[in-house]
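J.: prediction below, plus the sequence it came from.
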Amino acid sequence: MLFDTAHVLFIVKSFTIIALLETVLFFFVKTENRKVRILKIAAVATVVIHYSSLYVDFFKTGTAEINDTMLLPVYPCNIAMWFLLIVAFMKNRESKVYKVMAEFTFYLGIVGGVVGILFNEIYAATPNLSDWSVLKGLLSHATMLFGAIYLLLGGFIKIRVSNTISVAIGMIFMVIDGGIIIGLYKLFNLTPQNIMYLLEPPYPNLPWLNTWVIGIAAVLLAFAITAVYEQIAIKKEDRWYNHLKGGKK
């Protein structure tokens, strides 16, 4: 059951710890190498925690069940996790590929991390934090959320209206990824899960909130947020509309 006492305590503790860590690191970690090291730790920790249940189950029972999320990127959070790891270890942080991946990971990682902690499907089905397969799902979303936020606070990305392009490319990538995996399921005569929520809406009681609506809304929301940010925090001559036709380059 979501939002029972144990769940609420986890939410409060995890968000508080993330906020405190991000604040301390922002003010006291200044060198590039240390910032990269912190990002790598967050990214690796997310992957290790995600797969840790295999080893816990194996050494407890002698067997371990591998589900689809451990083999394939079937949900948005799987993509955010792997993108965070790739971004953390990429050498060329000036390339367009890095820019798109880092910016998309920032937004997807934050949304996925928050949703994965607040509305965790595994916890909803088995509300027991003493079960490591349940707890690790919450913990991995917390470390992913930390890493995504640190992309901004560590100076790896900047909030700009151009982020909207990265979000749009990322959403297209997720649809392509989902289509390929669904095709693989059908190729091997398997029943596909609701991969990337392409087969049915994520919330059955909200049938209109499908992948296409979410994707378009995400792009529009990214534009709105970044446009407002530029209006508040960026000099007028450096704002997005001055980089359009005939504007400043």
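T.: Perfect, I can see it now. Note that the structure is predicted; figures quoted are calculated from it, not measured.
J.: helix or strand right after whatever helix or strand Val8 lives in?
T.: Counting by DSSP states H and E, the element that carries Val8 is helix 5-28. Next in sequence after helix 5-28, counting helices and strands by DSSP H and E, comes helix 32-61.
J.: that following helix to helix 5-28, inter-axis angle?
T.: 160 degrees (axes from the mean of the first three to the mean of the last three CA atoms, to 10 degrees).
J.: now helix 32-61: buried residues?
T.: 35-36, 38-40, 42-47, 49-50, 52-53, 57 (16 or more other CB atoms under 10 Å). Using the backbone N, CA and C atoms, a C-beta is placed for each residue, glycine as well.
J.: ok, now stretch 68-85?
T.: Result for stretch 68-85 [16+ other CB under 10 Å]: buried residues 68, 72-85.
J.: what's the distance between the spatially most central residue of the chain and Ile169?
T.: The C-alpha lying nearest the average C-alpha coordinate of the chain belongs to Gly109 (CA atoms, centre = their mean; 2.1 Å). For Gly109, the distance to Ile169 (CB to CB, to the nearest Å) stands at 16 Å.
J.: low-confidence bits of the protein, can you list those?
T.: 245-249 (pLDDT under 70).
J.: for it, which segments are assigned as helices?
T.: 5-28, 32-61, 68-71, 76-89, 96-118, 121-125, 132-153, 163-187, 211-233 (DSSP state H).
J.: save these as CSV, and put in distance to Asn194 too.
T.: Formatted as CSV, the helices of the chain follow (distance: least, CB to CB, whole Å):
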stretch, distance to Asn194
helix 5-28, 23
helix 32-61, 19
helix 68-71, 11
helix 76-89, 12
helix 96-118, 15
helix 121-125, 11
helix 132-153, 17
helix 163-187, 9
helix 211-233, 10
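J.: the ones you listed: which one's closest to Arg239?
T.: Proximity to Arg239 (CB to CB) singles out helix 211-233 among those, at 4.8 Å.
J.: the residue nearest to the centre of the chain against Met144, yeah?
T.: Yes - if you go by CB atoms under 8 Å, Gly109 and Met144 touch, sitting 5.4 Å apart.
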